[in-house]
Structures are given as structure tokens and as C-alpha cells.
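1. model the structure of this input:
(2 chains)
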Amino acid sequence: QKEVEQDPGPLSVPEGAIVSLNCTYSNSAFQYFMWYRQYSRKGPELLMYTYSSGNKEDGRFTAQVDKSSKYISLFIRDSQPSDSATYLCAMSIGTGTASKLTFGTGTRLQVTL
Amino acid sequence: NAGVTQTPKFQVLKTGQSMTLQCAQDMNHNSMYWYRQDPGMGLRLIYYSASEGTTDKGEVPNGYNVSRLNKREFSLRLESAAPSQTSVYFCAIFGALTEAFFGQGTRLTVV
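-> Residues are numbered from 1 along each chain as shown, chains lettered A, B, ... in the order given. Below is the predicted model of the structure:
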């Protein structure tokens, strides 16, 4: 069993829809949670970062962490075609080094007109 | 400000050939990382360098070597390429977990 599980999709939604992207994890020691966005044939870019449990909002994006369920989510409101990309979750026990960062496999999102 | 620059962008190798992937950064970060990305496997760490003069193995180091040439440059070498090394390779720099920058990737095919 992988430490971090993520549905690969693809997830196809119409423009304007609310999108929910999710990851589950098995290591209860994870405390730092990140979401990356990766456009086709590009490198990942950091989108959201949260520590421990709770919500964090940035514009149309909301990251949610439920440590009791070992479940994290990224919500995208009013989705746009420009949101079409692969979204990777990542998590870490500490902040000391990125060498301990564990990535999900990514969910491909397609927002259609 | 280019951030993280990788060369080449594409490469086709025959089994047994060698090659070096280059990575350069202009952000003055100490730590540099090499990942490979494969379908269904996500990003996996090959090697990293926490600072100039140091390198350490990641999750999948077999078949690879690295050199931290100076603070700006971190290269990844395949001494004898194998089809299993067909992948997309990314170089990344991290200031902190919240300060992450990836290069555009090198698409490598080994036939």
C-alpha cells in the first residue's frame, strides 16, 4: 500500500463547477500538506500549503486537512478551463528537508467549456 | 529570472549509452533535487544535494550518479541507460517546503 493515495482521474467537469480533489494517506506523522498544479509538459508548481488540520483559502482554492480521517482535499470554486491540469498532493512529517516529501500520483482535471 | 533551467528538454538514448542531464538555478538556494515522474508512480526522489559539496541518495538512486558542481549547478548522470530509465526527469530547488521551484523537465526515452 502506498503511503499517499490519489485517484488518477481523469476528472471532467463543466466550466463553473466546484471541483473536489482528494488524497488519503496512511502515515499519521504527516503534518505538512501541499497541493501542486502541473500543466501538460511543464514542471509542478506549488499551489497551496497547510499545516496540520483545518482549512486554508486562497482565492478560488480551498485546501482542507482532516487528520483524524487521514484525508486531504483541494476545492476549486468556479472552475475555469485554465484550471485544466494535473493536481498532485504532497505531504511531509517535518519542514527540515524536502527529501522527506511524499507525493501522490496526481489527478488529471479537465474543465470543459 | 529563469528560476530552474534543465537541459536537454528531450533525449532518445540507446540501451547502454550514457548521458548527463544538466540543471542550473539562479535563485541562490542551497538545496537541489532530482526527481523522476512515471505514470502511476508520481514523483520519486533520485538524489538530492542539501548544500554545495554534499549529495545524498533518495528513494530510487540505482543507475544514477550526481554531481553538485557549484551552488548553481546539479547534474544527473546515467552511465549505462536502460529502458527502465525511460521517464520524465525534473530538477527542483526548495528554499523551504513552501518555496519550491521545478524545472520544465527532461523527457528521456531509452530504446
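
2. low pLDDT regions in chain A?
-> Chain A contains no residues with pLDDT under 70.

3. what residues does it have near chain B?
-> Contact residues (CB under 8 Å from any CB of the partner chain) of chain A with chain B: A:4, A:6, A:8, A:32, A:34, A:36, A:41-46, A:49, A:88, A:90, A:92, A:95, A:97-99, A:101, A:103-106. (C-beta placed from N, C-alpha, C; glycine too.)

4. so B:Leu76 sits right up against B:Val66, yeah?
-> Yes: here B:Leu76 reaches B:Val66: they are 5.5 Å apart, a contact under CB atoms under 8 Å.

5. quickly list what's touching both of the two.
-> Common contacts of B:Leu76 and B:Val66, defined by CB atoms under 8 Å, 6 or more residues apart in numbering or on different chains, comprise B:Trp34, B:Ile46, B:Tyr47.

6. just among those, which is most surrounded?
-> Highest neighbour count within the shared contacts of B:Leu76 and B:Val66: B:Trp34, with 28 neighbours (other CB atoms under 10 Å in any protein chain shown).

7. tell me the confidence at B:Ala2?
-> B:Ala2 is assigned 66 on the pLDDT scale.

8. ranges for the helices of chain A?
-> Here chain A has no helices by DSSP state H.

9. could you pull out the strands for it?
-> Remark: strands assigned in chain A by DSSP state E are A:4-5, A:11-14, A:19-25, A:32-38, A:45-51, A:54-58, A:61-66, A:71-76, A:85-92, A:102-103, A:107-112.

10. do chain B as well
-> Assigned by DSSP E, chain B shows strands spanning B:4-7, B:10-13, B:19-25, B:31-38, B:42-49, B:56-57, B:64-68, B:74-78, B:87-94, B:100-102, B:106-110.

11. quick check: mean pLDDT across the fifth one?
-> Over the span of strand B:42-49, the pLDDT mean works out to 94.

12. between that strand and strand A:85-92, how many degrees?
-> 50 degrees (axes from the mean of the first three to the mean of the last three CA atoms, to 10 degrees).

13. ok, B:Ser49 to chain A distance?
-> 10 Å (CB to the nearest CB, to the nearest Å).

14. ok so, going back, make a markdown table from the strands of chain A and add mean neighbour count to it.
-> Listed next are the strands of chain A as a markdown table, based on neighbours: other CB atoms under 10 Å in any protein chain shown:
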| stretch | mean neighbour count |
| --- | --- |
| strand A:4-5 | 18 |
| strand A:11-14 | 13 |
| strand A:19-25 | 19 |
| strand A:32-38 | 22 |
| strand A:45-51 | 17 |
| strand A:54-58 | 12 |
| strand A:61-66 | 18 |
| strand A:71-76 | 20 |
| strand A:85-92 | 24 |
| strand A:102-103 | 22 |
| strand A:107-112 | 17 |
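
15. partner residues bridging A:Gln64?
-> A:Asn55, A:Ser73 (DSSP bridges).

16. my guess is it meets A:Ile72, correct?
-> Yes: using CB under 8 Å, A:Gln64 is in contact with A:Ile72, at 6.7 Å.

17. what's opposite A:Ser12 in the beta bridge?
-> Bridge pairing for A:Ser12 - DSSP bridges - gives A:Gln110.
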